[in-house]
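Trainee: Here is my input; please provide its structure:
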Amino acid sequence: MLPSRKIALLTKSTVALSFGLYALLAGISNLLDFDSNYHFVRHVLTMDTMKPFFSQVLIDARAIHSSSVHLVAYYSIIATEVLAGLLCLSGAIILFISLFSQKRFELAKMLYNAGACLALALWYLGFCVIGGEWFAMWANEWNGLMKAYTISTFLLASLIWINQQ
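Mentor: Residues are numbered from 1 along each chain as shown. Sure thing, here's the model as predicted:
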């Protein structure tokens, strides 16, 4: 294999490893420090900490006040973070192995793509689209949109890079 090809595989492996660790650590952190981010989810879903300039009259019906739903949503977030992290890490490990054996490269991409797809569903669809627009997180004191957009942008860039020939 050409040295430039090995360097490309090494950078792809490193990108996959970086995001896999990030997602896995996010899930583990949410389990270890359950309350801090649970309150974030609860406040976004109940829409009870909206900024004063925002009139809630037309969207009050969107708020979810059930603590059971809050817990299901939060556990789903944690499970998605952990699963996405494990898939991306598996892809990263196999990408590192593919430095020595090209046969496993497609499997590695498939695993990373699956994990990244889950992560995009969580951070972009879940946080940016549903949290940001449906629950108006942009007008909430508990606003995580910029972080979610940053993660989504990194994910998209990593998918483009890892799926290049």
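Trainee: Spit out the contact partners of the spatially most central residue of the chain.
Mentor: In the chain, the centroid-proximal residue (CA atoms, centre = their mean) is A119; its distance is 3.6 Å. Contact partners of A119, counting by CB atoms under 8 Å, 6 or more residues apart in numbering, are F19, A23, T80, E81, A84, C88, I151, L155. From N, CA and C alone the C-beta is placed, and that goes for glycine too.
Trainee: Check the gap between it and A84 for me.
Mentor: A119 is 4 Å from A84, where distance means CB to CB, to the nearest Å.
Trainee: again, but for A73
Mentor: 16 Å.
Trainee: tell me the strands in this protein, going along the chain?
Mentor: With DSSP state E as the definition, the chain shows no strands.
Trainee: Low-confidence stretches in it?
Mentor: Counting by pLDDT under 70, the chain shows low-confidence ranges at 1-2, 55-57.
Trainee: Could you find the closest non-adjacent residue to G126?
Mentor: Once flanking residues are discounted, G126 sits nearest to I77: 7.1 Å by CB to CB, 6 or more residues apart in numbering.
Trainee: That neighbour touches F40, doesn't it?
Mentor: No - the criterion here is CB atoms under 8 Å, and I77 misses it with F40 at 9.8 Å.
Trainee: just to revisit the earlier point, from the contacts of A119, which single one is nearest T49?
Mentor: The closest of those to T49 turns out to be I151 (CB to CB; 22.5 Å).
Trainee: number of nearby residues for the closest one?
Mentor: A count of nearby residues for I151, using other CB atoms under 10 Å, gives 22.
Trainee: do you know how far it is from G144?
Mentor: Separation of I151 from G144 (CB to CB): 10 Å.
Trainee: Which parts of this protein are helices?
Mentor: Under the criterion DSSP state H, the chain contains helices at 3-32, 34-46, 67-97, 105-120, 145-162.
Trainee: could those go into JSON lines alongside distance to L58?
Mentor: Formatted as JSON lines, the helices of the chain follow (distance: least, CB to CB, whole Å):
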{"stretch": "helix 3-32", "distance to L58": "32"}
{"stretch": "helix 34-46", "distance to L58": "17"}
{"stretch": "helix 67-97", "distance to L58": "21"}
{"stretch": "helix 105-120", "distance to L58": "30"}
{"stretch": "helix 145-162", "distance to L58": "20"}
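Trainee: among these, which is nearest I59?
Mentor: Smallest distance to I59 across these (CB to CB): 12.3 Å, for helix 34-46.
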